[in-house]
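Trainee: I need the structure of the sequence given here:
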Amino acid sequence: MTPLEVVAVVAAGIGAGAINAVVGSGSLITFPTLVAIGVPPVVANVSNNIGLVPGSFTGAYGYRAELKGQRDRLVRLGVGSLLGSALGGLLLINLDPGVFQVVVPVLIGVACVLVVIQPQLNRWTAGWREKAHPNGGPWLWLGVFGAGVYGGYFGAAQGVLLIGILGAMLSEGLQRVNAAKNVLSLIVNFTAAALFIVIAEIDWWAVLAIAVGSTIGGFLGAKIGRRIPAPVLRGIIVCVGILAIIKLVFG
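Mentor: Numbering: from 1, shown residues only. Predicted coordinates for the structure are as follows:
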């Protein structure tokens, strides 16, 4: 990478780390940035996943106060995230690269829609919480497993998926749901990263640049990210996602 490209990727990592801590969908910034500078899509996805792990950790750590009392729940759900992520990572590596080229634009499009409708999702989950199982039950575990498969294959918007699933089935406030989302996203990203390091092609310079940025961004997101207007964040994510779809479809 050229010095300018390194700066661009680090900046994207900062944005992704901050957005992942607060909303999710940070990969909609880092992944298309890597593709734009010429990293092949599958290698970009793998490298992006590994690079975002430090940011996932700092984001989760920043929400440690909201995690109090959730250890047992997160241990159970974490197993679902781990198994799902491993399966998603294996699908990414073993499916034909042409499948990724076709599927990823669709996934990005779905992720953008989820980001746009997130306020409505929050309103729906607020109405369901009164009837929610106190520990989520088996349906929550299966939902978290499914989100793990998605996150292991392509992580963009897995945070939005998790917030919707957890919020719908847990009787918790949104901030505690978001804290749990950060931990489960960390498990998904770490599991997929461990798998990719062993069996996948990786651009380590891209990993390093994203890791530096996402570490900083995770702290910033946990500290001040909630002060940023949500419509602004959603608008940025959707615009970048549309650019990514154009880049992948039309080259």
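
Trainee: rest of the way, CA atoms for contacts and neighbours
Mentor: Noted.

Trainee: For stretch 60-68, which residues meet the burial criterion?
Mentor: If you call a residue buried by 16 or more other Cα atoms under 10 Å, then stretch 60-68 has these buried ones: A60, Y61, G62, Y63, E66, L67.

Trainee: Can you tell me which of the residues you listed is nearest D203?
Mentor: For the buried residues of stretch 60-68, the minimum distance to D203 (Cα to Cα) is 25.5 Å, reached by A60.

Trainee: these two touch, right, that closest one and V177?
Mentor: No - in this structure, A60 is not within contact of V177 by Cα atoms under 8 Å, at 11.7 Å.

Trainee: quick one on the thing from earlier: out of the buried residues of stretch 60-68, who's nearest L34?
Mentor: A60 (24.6 Å).

Trainee: Which residue is the nearest non-sequential neighbour of the closest one?
Mentor: N182 (5.0 Å; Cα to Cα, 6 or more residues apart in numbering).

Trainee: what does A111 give?
Mentor: A157 (5.2 Å).

Trainee: V238 now?
Mentor: C112 (5.3 Å).

Trainee: Run a quick neighbour tally on that neighbour.
Mentor: When neighbours are defined as other Cα atoms under 10 Å, C112 has 25 of them.

Trainee: Which SSE is immediately downstream of the host helix or strand of N182?
Mentor: Using DSSP states H and E, N182 sits within helix 174-199. Counting by DSSP H and E, the next helix or strand C-terminal to helix 174-199 is helix 204-224.

Trainee: which residue sits closest to A18 in space, ignoring its chain neighbours?
Mentor: Nearest to A18 is G221, by Cα to Cα, 6+ apart, at 3.8 Å.

Trainee: isn't A111 right next to A156, touching?
Mentor: Yes - between A111 and A156 there is a contact at 6.7 Å, judged by Cα under 8 Å.

Trainee: Now list whatever residues contact both of these two.
Mentor: S25 (Cα atoms under 8 Å, 6 or more residues apart in numbering).

Trainee: Neighbour count: the two, which is higher?
Mentor: A156 (29 against 24).

Trainee: Low-confidence stretches in the stretch 51-200 of the chain?
Mentor: 118, 121-122, 125-135 (pLDDT under 70).
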